[in-house]
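**Q** sharing a sequence plus its predicted fold:
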Amino acid sequence: MRVILLVRAVLNLPLYLAARASPAWPSVQRDIRRHAQPRMDLPLPGAVSRAELVGALRHPPLRSILYERLRLAGGSWRLAARLLSPLYRGAVALEIHCAEIGGGMCSYHGFATIIIADRIGEDLLFAQQVTVGYDDRGGSPTIGDRVRIGAGAIVIGPISIGDDAVIGAGAVVVKDVPAGVVVGGVPARVIENATDRYGAPRDSGGA
């Protein structure tokens, strides 16, 4: 087992160094902690070990998130993202474009997803085939903390998604979503309180 971990560590060393040394490390660390514990009603695990970091960096969606964070850091980090991404592939057809992204972003199945937002808060969880972006009104969504977006959901326009909101699979969201609710359907409407289904979010500490 130790030999396997060592081989993985060597193979992923460039990614490890980029993640650990970049200004985005606090956010990357929270991304990995959220990947390890996606449930909002449970606390995040503590500090990330080297083995956990190496294991997490084998996950393509997490690599895509890392590359976006490196691009946002600018300068040589943007170049590092460009050089690393062909060698260590991210998720297929996963694109993220946002000037401000909180720590704890996580996706287990980021295939065929595009996220363009004005701002993304902490602990965003999103599934596959999600579209977040512009519509003909101009502007893109602002997403709060601890938001979950289900598979195939569409969230478009200059709208606000409140903290702890849950966007159901296949929902089409074109209006503001209040904090702490579950929305679903086409067009999306409030179905229930998020805490009734998922439990109350817990204070999971900083990055």
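**A** Received it, and whenever you're ready, just let me know what you need. Numbering: from 1, shown residues only.
**Q** for Ala24, which non-adjacent residue is closest in space?
**A** Once flanking residues are discounted, Ala24 sits nearest to Arg69: 3.8 Å by C-beta to C-beta, 6 or more residues apart in numbering. From N, CA and C alone the C-beta is placed, and that goes for glycine too.
**Q** quick one, what contacts the nearest residue to Asp145 once chain neighbours are set aside?
**A** Leaving out its chain neighbours, the residue that sits closest to Asp145 by C-beta to C-beta, 6+ apart is Gly121, at 3.8 Å. Gly121 is in contact with Gly102, Ile143, Gly144, Asp145, Arg146, Val147, Asp163, counting by C-beta atoms under 8 Å, 6 or more residues apart in numbering.
**Q** domain parsing of this protein, as residue ranges.
**A** Domain segmentation of the chain under automatic domain parsing yields 1-90, 93-199.
**Q** single out the most deeply packed of those domains.
**A** domain 93-199 (a mean of 19; mean count of other C-beta atoms under 10 Å).
**Q** distance between the ends of that one?
**A** By C-alpha to C-alpha, to the nearest Å, the extent of domain 93-199 from end to end equals 32 Å.
**Q** which SS class is Arg33?
**A** For Arg33, the reduced secondary structure class is helix; criterion used: DSSP: H, G, I helix; E, B strand; the rest coil.
**Q** how much space between it and Gly103?
**A** According to C-beta to C-beta, to the nearest Å, Arg33 and Gly103 sit 8 Å apart.
**Q** now stretch 68-84: mean pLDDT?
**A** The pLDDT scores in stretch 68-84 average 95.
**Q** quick one: contacts for the residue nearest to Gly138 when sequence neighbours are not counted?
**A** In space, and not counting its chain neighbours, Gly138 is closest to Pro158: 6.5 Å by C-beta to C-beta, 6+ apart. Shown in contact with Pro158 (C-beta under 8 Å, 6+ apart): Asp118, Arg137, Gly138, Gly139, Ser140, Pro141.
**Q** from Asp136, how far out is Pro158?
**A** 11 Å.
**Q** could you do Gly150 as well?
**A** According to C-beta to C-beta, Gly150 and Asp136 sit 24 Å apart.
**Q** just Leu79 next, same as before
**A** For Leu79, the distance to Asp136 (C-beta to C-beta) stands at 36 Å.
**Q** name the element Leu53 belongs to?
**A** Here Leu53, judged by DSSP states H and E, is contained in helix 50-56.
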